[in-house]
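[1] could you look at this predicted model? Sequence included:
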Amino acid sequence: MHVPDGFLDAPTSVATGAVAAAGVAVALRKAQDELDERTAPLAGLTAAFVFAVQMLNFPVGVGTSGHLMGGALAAVLVGPWTAVLCLSVVLLVQALLFADGGLTALGTNITLIGMTTVVVGWIVTRAVLAVLPRRPACVVPASALGALVSVPVAALVFVLLFAVGGQADLSLGALTATMAGWHVLIGIGEAVITALTVSAVVSVRPDLVHAARPLRAPLRLRRADGSLVDAEPVAASRQARTGRRDTRSLLLGGGVVALLLAGVVSFFASGDPDGLEYVAEDEGFLDTARDHAFGDFALADYGEVGGIPVGLAGILGVLVVVAVGVLLFRAVRGRSSARQHEDAAR
Amino acid sequence: MSGGLTHRLHRPGDSPVHRLPAHVKVLALLAFVLVVVATPADAFAAFAGYAVLLATAAAMAGVPGTVIARRMVVEVPFVVFALLLPVLAGGPRVDVLGLSLSESGLLAGWNILAKGTLGVVASILLAATTDARSLLVGLARLRVPARLVEIASFMVRYADVVGDDLRRMRIARESRGFAPRHLGHARVVAQGAGALFIRSYERGERVHLAMLSRGYAGSMPLVDATPAARADWLRGTALPAAAVVIAVATWALS
Amino acid sequence: MTTPSLQVSGLAFAYADGHQALFGVDLTVGRGERVALLGPNGAGKTTLVLHLNGILTGGAGSVHVAGLEVRAGDRERLREIRRRVGIVFQDPDDQLFMPTVRDDVAFGPANLGLHGATLDARVEAALAAVGMTEVADRPPHHLSFGQRRRVGVATVLAMEPEVLVLDEPTSNLDPASRRELYDVLDALAVTQLVVTHDLPFALQLCERSVVLSGGMVVADGATADVLADEDLLRAHRLELPYGFDPRSVWR
């Protein structure tokens, strides 16, 4: 899903280049605050990881598949600033060493894939976390929603850029509908893979999941009679608790917007099913074009896109992801509490 | 043996194009593509001229057309998009072979196709004639922030290592009869991805230790970077300069 | 008597999670000596190694490298300590992180401030010492495992260390690569501390062996004697390969 040269006109390309440069500069400074001198090796290895998992394909509809963008995943795992750096470096290397994504479109690609998906994924994840119980496992459904929303939003930003600097007389409504409808579907795949990956990391090394760090269980003190009490939480986490109520409303609002977006936007899409299917086909080509060295992850079709009214499919998608997230959350919580029992038994 | 990240695209050689310093080549590529992107879509002759320029450069670099063609699959998604534009776009329509196509859409499709293809071919030429390490040194010389170049350098170094990890996990899964068929299997694959992240991050921590052990104090030493000679710059500007000449010439003649 | 290369006294250390790994380690390694550090998994070998160049600090006791004490917080001194103690880590993919072999070998000396012809000479000499001159311009990923291990040794040699510390140098090596590594190490005059499970390799390379178990030094003597002490080996989960008799090895 990399924009090539010539898709947007020169002024727009230069402008997005400036936006990307500014964003990366801020991310560089902020990431260094987080990782100090370890920035280079840790961000470098995370970039290599993102590069590798971008090769994972998942099916989206009738014999077609998308591949992971990894923005939300990286944001949840290593924090938004480091994630912006990692994704930007991946895009830079892909443009220079793989001719994947045009050099003049590098700014556009960094703005869309490197920054929009990361920032949207991170904000949504944080907002969801704010209303869920404070447990590391909650980061799983939160990241699912973050990933789901991040993909169509990036697609809408692309439409916006196309409206400004695109070089075709396209009806923007149709383009918006096509892009958003299609990317809600891709977003579902992104959400499933992201949530499952995060859940695998949370169950083994919750300390490595950046978004789960403020959620760690408080230290506990053992009293003389053997009972356990929570240690006094430090000031920072108390602050986080008070911030929670404000974000709860934010999340509810966000959820409604997401549903509306999915529904309304896909309604437009259903008005132009041909376009959607054509784009779907092109993504199918993408699948065959991609390097399959790391093994394709071909799942059987799990839904005829053409058969369901697409507006409905969009809303269904959001609901499915929420349901999957809740189930995953239950599973992870079950596993970790089982482990606690085992530990207690020892 | 895994196909290494670097030798999948790079074709070692000793042509004049190979010998140009990487930062000269990157700037030349950027300038060339900018000229291409800025050219109006209906200046057909100019695009033919650019194509001839690239073909000449490819011939000088000794990069066979088949190699370029094989790599061009990366632009397939946008080719399809470009082919759709005549159908989707509005405005006055013309009939071509019984299809009603939008005139502006035809031009827009051509525009994306021509510019995208020229950009991809030029980028393939850069990647084919420049190894990863020179490219990193080139980026550093172009004043790309040092920290960013370092991250890219670690990514280039470890992409193969991480990719091999991923491949080994897949082989281990398949050796025990796992064949992904339905959505339920996504869990297994994603668990592999989760394990991969942990491995990668922990390797990052170990690499950091190894760096500290050899005196790393927060900044990487910039290992050699011979400045480009004037002749290199002259040779490097040949491609974008010729493109500018073509652009101006077609504009003047039209 | 000259200053020993390494002097560790009363070293104790616990990790942040409370797990204590070292319980008072005393170890002296003279200049030019080759010492094998043997011990079962979890004995504290890696923890000890990471103290030698000040990556881990903050416990009790002291570490001196050629007379200079390792002290946390003193950046200048840590720099000098890390020049003096060269650690070759177990996984060469962790050790070799630069795009080409030459860059990697140059990383350490460049951090010491060397550049230009001096730096090049250092790199050439280190690569020559391990017989890897011809792979200088290749990416580490394209080398065999044995070659990568030898390049790992070169990256550390280029810093002209006082003492070379090798963590499991023979792990994952085929017999021929193992023998080549032996030839390389045997030809080096530098003080060596070899952390290993490979008891025949210890016997071949090192006059003296130290057994670390449960965070303490439990034996220190001639390698031939240590390996001949069946009770000692059994008590600390050390095992000779089937059919290997250290007393029958001609030295």
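    Structure received. Numbers count the residues shown, from 1 in each chain, chains lettered A, B, ... in the order given.

[2] from now on I want contacts and neighbour counts done on CA atoms only, so please keep to that.
    Will do.

[3] show me where the chain has helices.
    Using chain A here. Shown for chain A, the helices assigned by DSSP state H span residues A:10-35, A:39-53, A:71-78, A:80-98, A:106-109, A:117-131, A:139-165, A:172-204, A:235-270, A:273-289, A:310-345.

[4] should've been chain C
    If DSSP H is used as the criterion, the helices of chain C fall at C:45-52, C:75-84, C:92-95, C:101-111, C:116-129, C:145-157, C:175-186, C:199-205, C:223-228, C:230-235.

[5] now the stretch 51-200 of chain B
    B:65-71, B:76-88, B:103-129, B:132-141, B:146-175, B:186-213 (DSSP state H, counting those that start in this stretch).

[6] tell me which of these sits nearest to residue B:17.
    Nearest to residue B:17 among the helices of the stretch 51-200 of chain B is helix B:103-129 (6.7 Å), distances taken as C-alpha to C-alpha.

[7] that closest one packs against which elements?
    Packing partners of helix B:103-129 (3 or more C-alpha pairs under 8 Å, 6 or more residues apart in numbering or on different chains; DSSP states H and E): helix A:80-98, helix B:22-38, helix B:44-61, helix B:65-71, helix B:76-88.

[8] hmm, back to that, go through the helices of chain A and find the least confident stretch.
    Mean pLDDT across these is lowest at helix A:273-289; the value there is a mean of 33.

[9] for residue B:240, which non-adjacent residue is closest in space?
    In space, not counting the residues next to it along the chain, residue B:240 is nearest to residue B:32; the distance is 4.4 Å by C-alpha to C-alpha, 6 or more residues apart in numbering or on different chains.

[10] so who does the one you found touch?
    With contacts defined as C-alpha atoms under 8 Å, 6 or more residues apart in numbering or on different chains, residue B:32 is in contact with B:239-241, B:243.

[11] who wins for neighbours among these?
    Neighbours were tallied for each of the contacts of residue B:32 (criterion: other C-alpha atoms under 10 Å in any protein chain shown), and the maximum of 25 neighbours falls on residue B:243.

[12] can I see the domain layout of chain B?
    Chain B breaks down into these structural domains: B:16-138+B:227-253, B:146-213 (assignment by automatic domain parsing).

[13] using TSV, lay out the ones you listed together with mean pLDDT and distance to residue C:45.
    Supplementary listing: the domains of chain B in TSV, determined by pLDDT from 0 to 100; distance: least, C-alpha to C-alpha, whole Å:
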stretch	mean pLDDT	distance to residue C:45
domain B:16-138+B:227-253	86	36
domain B:146-213	84	16
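
[14] which bits of the stretch 101-250 of chain B sit near chain C?
    For the stretch 101-250 of chain B, the residues in contact with chain C (C-alpha under 8 Å from any C-alpha of the partner chain) are B:132-133, B:153-154, B:156-158, B:160-161, B:203, B:206-207, B:209-217, B:220-221, B:223-224.

[15] looking at the contacts of residue B:32, which one is closest to chain C?
    For these, the closest approach to chain C (C-alpha to the nearest C-alpha) belongs to residue B:239, at 29.1 Å.

[16] surely the closest one and residue B:30 touch.
    No. Residue B:239 is not in contact with residue B:30 according to C-alpha atoms under 8 Å; the separation is 10.6 Å.

[17] what's around the residue in the stretch 1-150 of chain B that chain C sits nearest to, how many residues?
    Scanning the stretch 1-150 of chain B for proximity to chain C using C-alpha to the nearest C-alpha identifies residue B:133 as nearest, at 5.9 Å. Here the count is done by other C-alpha under 10 Å, and residue B:133 has 19 residues near it.

[18] contacting residues for it?
    Applying C-alpha under 8 Å, 6+ apart, the residues contacting residue B:133 are B:153, C:99-100.

[19] measure it to residue B:172 for me?
    Taking C-alpha to C-alpha, to the nearest Å as the measure, residue B:133 falls 32 Å from residue B:172.

[20] also residue B:55?
    On the measure of C-alpha to C-alpha, residue B:55 and residue B:172 end up 45 Å apart.

[21] cool, and residue B:49?
    When distance is defined by C-alpha to C-alpha, residue B:49 is 52 Å away from residue B:172.

[22] what's around residue C:22, how many residues?
    25.

[23] pLDDT score for the closest residue to it other than its chain neighbours?
    Setting aside the residues directly before and after it, residue C:22 is nearest to residue C:215 in space (C-alpha to C-alpha, 6+ apart), at 4.0 Å. Looking at residue C:215, its pLDDT reads 91.

[24] I'd guessed residue C:215 sits against residue C:26; true?
    No. Counting by C-alpha under 8 Å, residue C:26 is not a contact partner of residue C:215; they are 10.6 Å apart.

[25] quick one, which of those two is more surrounded?
    Regarding residue C:215 and residue C:26, a neighbour count based on other C-alpha under 10 Å identifies residue C:215 as having more, with 22 against 16.
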